[in-house]
Structure formats: structure tokens, C-alpha cells
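Participant: A structural model of the following input is requested.
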Amino acid sequence: MRRSSRACIAAALALLVCGCQSAFFGYVNRGTGEPDATAVYDDTRGLALDIYQPQDAAPGAPVVLFFYGGAWQYGERDQYRFVGRRLAENGVVAVVADYRTWPDSGFPGFVEDGARAVRWTRDHAAEYGGDPERLLLAGHSAGAQIAALLGTDARRLEAVGLEPVDLAGIIGLSGPYDFTINGKYEAIFGPRAQWPEAMPVRFVDGDEPPFLLIHGDADHTVDIGNSRKLDFALRRKGVASTLIVLPGGNHFLPAAAFYDPERSPEVLQAVLRFIGTDAAEADAQAK
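Facilitator: The predicted model follows:
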């Protein structure tokens with residue numbers, strides 16, 4: 001990639017750090033196009049999700065349900081078109097779901113929304129060319145916490161008739177899994193007695209699906225110790241877990257790498273290998 005293009009991406013990331021989210025997402029979604037389909041998965045709460053389908057894909061493609069970040073307060077599915085489209089380009093049926101954020105809902109409401117999105121995706125994946133038995137969850141930042149909790153605290157999926165072993169894997173990007181709740185987050189996570197319920201690391205007991213954790217070691221928003229602790233807890237219980245550390249990577253790099261794979265090529269490569277896509281297999285054979 002040309003230096004000028006990299007400079008533009010760096011500038012866009014700087015805008016995001018400064019709070020100019022609209023400018024950042026406007027940049028990374030340039031020319032992405034609309035999703036292939038949109039569906040409401042929760043009529044009562046008015047929650048929807050977008051579906052991105054691979055072109056000319058054989059039936060039975062892997063499926064990834066993605067939850068965006070935003071400190072459990074911000075974000076919307078339309079901002080993450082660049083993630084959905086990048087996955088679809090590589091043979092994945094990608095689903096990007098909205099969930100309630102604060103102050104419309106606090107914990108555990110957004111996790112319960114995530115569980116309902118999982119139920120809908122598993123029930124409808126085949127309609128879009130996906131294999132419900134190859135359903136993975138992914139998320140960035142707060143979205144990674146939601147995905148990880150659905151994969152570790154069995155009660156969350158049990159509420160919708162599923163369990164963690166029904167998932168093919170969890171992909172966590174810059175996620176908080178064992179974090180301190182203070183300041184504005186105290187209201188979001190409710191009574192102090194339920195704060196431990198928000199920590200995915202607390203529920204690891206050996207019945208989890210495989211995990212892929214990606215984190216920058218210069219993340220000043222969510223400390224990399226979160227991913228290190230979850231990776232250790234999973235492996236200690238015999239669960240397959242891979243932790244990829246991005247040297248010098250900030251909080252947004254693991255997600256931004258979906259827009260610009262050349263910026264941190266190991267991210268998309270690792271994700272596709274973990275998912276088990278045909279694209280990843282072809283890349284491996286070429287090497």
C-alpha cells in the first residue's frame with residue numbers, strides 16, 4: 001500500500017481516538033455498499049441485523065455473527081459494513097447485529113440481546129448459504145466481551161435453547177474479559193453484586209468452544225492483560241485458545257485490519273484460518 005494511503009488510515013484512526021467516530025467510519029466504509037439482506041431478530045425491542053453473503057459460495061459456508069464495540073454505549077451495525085463485507089469476500093456468511101446500549105439497557109440486557117441474535121442466526125443461517133453448525137461469534141472491544149460471555153457463561157445461551165458447545169468458536173478483538181468497573185460504567189453494570197457476572201474469565205470451566213484472541217500490546221483503552229488472563233484460563237481448562245499479540249498495536253488496530261489487511265496482515269489471516277474458510281485453505285496451499 002502506498003505511503004499516502006497509510007497516512008490517510010492513520011489520520012482516520014486518530015479521528016476515532018479523538019471521538020470523531022462518524023469521520024472514521026465514513027472513511028473505512030467508503031465504497032463498501034449495503035448489506036445483502038437485513039432482518040429483524042427481536043420485534044419487541046426493534047433489534048435488527050445485517051447479512052453479507054459470499055458470491056458464488058457453495059452451501060454450507062461458515063457463519064460469523066459480529067458484535068461491534070462502543071463501550072456498551074455507542075455503535076450501530078451500519079458502521080461495521082467493512083467487517084461484514086471483508087468476511088463475505090473471503091467465503092464467510094457474515095452477520096452484524098445491533099444490541100441495546102446504555103441508557104436504553106445496561107448489563108445483562110445487551111448480553112441477552114446477543115443471545116437472541118445467536119438464536120436467530122443459527123435458525124436462519126442456511127437461508128443465506130451458511131452452515132448453522134459452523135457458527136462462530138466475534139466482536140471488538142465491548143462486542144468481544146459480549147461474544148466471550150456467550151461462549152463461557154452457559155446460562156446466557158441456555159435462555160434461548162442453546163449452549164456454548166453449539167458454537168464453532170469465539171473471536172475476541174481487543175476485548176475486556178476481567179476488567180475494573182468504575183465511574184460511568186457503574187451505572188451500566190448495575191448493582192455491585194452482579195459485576196462479577198460480567199467477567200467472561202470467571203465462567204471458564206472447560207465446556208467452551210475454541211477461542212481466538214487478538215490484542216495490541218499498546219492498547220490504552222482495554223489492557224492486553226484481559227486477553228492474557230482469558231487465554232490462560234481457557235488453556236488451563238483444556239480449551240483450545242490462541243492469543244495473537246500485535247506489537248505496538250492500539251485498541252482499534254484489530255478491527256481496522258479488516259479494512260486494511262496490509263496494515264496488520266496477521267489479523268485477517270489468523271481469523272480466516274480459525275474460521276476454516278476455503279480462502280484460508282487456498283492461501284495455505286499456495287504457500
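
Participant: can you pull out the strands in the stretch 1-150 of the chain?
Facilitator: All strands of the stretch 1-150 of the chain, identified by DSSP state E, counting those that start in this stretch, fall at 37-42, 47-52, 61-67, 93-97, 130-140.

Participant: Low-confidence stretches in the protein?
Facilitator: Along the chain, the parts satisfying pLDDT under 70 run over 1-23, 57, 278-287.

Participant: circling back to that earlier point, how about the strands of the stretch 1-150 of the chain, which one is nearest Phe110?
Facilitator: strand 61-67 (8.7 Å; C-beta to C-beta). Where you see a C-beta, it was placed from the backbone N, CA and C, and this is true even at glycine.

Participant: Please convert the strands of the stretch 1-150 of the chain to CSV, extending it with mean neighbour count and distance to Thr221.
Facilitator: As requested, these are arranged in CSV below (neighbours: other C-beta atoms under 10 Å; distance: least, C-beta to C-beta, whole Å):
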stretch, mean neighbour count, distance to Thr221
strand 37-42, 16, 29
strand 47-52, 22, 25
strand 61-67, 27, 17
strand 93-97, 30, 21
strand 130-140, 23, 11
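
Participant: Export those strands as CSV, with columns for distance to Arg228.
Facilitator: Below are those laid out as CSV (distance: least, C-beta to C-beta, whole Å):
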stretch, distance to Arg228
strand 37-42, 33
strand 47-52, 31
strand 61-67, 21
strand 93-97, 28
strand 130-140, 18
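
Participant: what residue is smack in the middle of the protein?
Facilitator: In the chain, the centroid-proximal residue (C-alpha atoms, centre = their mean) is Gly139; its distance is 1.3 Å.

Participant: Hmm, that residue is touching Val64, no?
Facilitator: No. Using C-beta atoms under 8 Å as the test, Gly139 is too far from Val64 to be in contact (10.1 Å).

Participant: May I ask which helix or strand encompasses Gly172?
Facilitator: Using DSSP states H and E, Gly172 sits in strand 169-173.

Participant: got the angle for that strand vs strand 61-67?
Facilitator: 40 degrees (axes from the mean of the first three to the mean of the last three C-alpha atoms, to 10 degrees).

Participant: contacting residues for the closest residue to Glu133 other than its chain neighbours?
Facilitator: Spatial nearest neighbour of Glu133, excluding adjacent residues (C-beta to C-beta, 6 or more residues apart in numbering): Ala168 at 7.1 Å. The contact partners of Ala168, by C-beta atoms under 8 Å, 6 or more residues apart in numbering, come to 62, 133-136, 209-210.

Participant: All good on my end, thank you.
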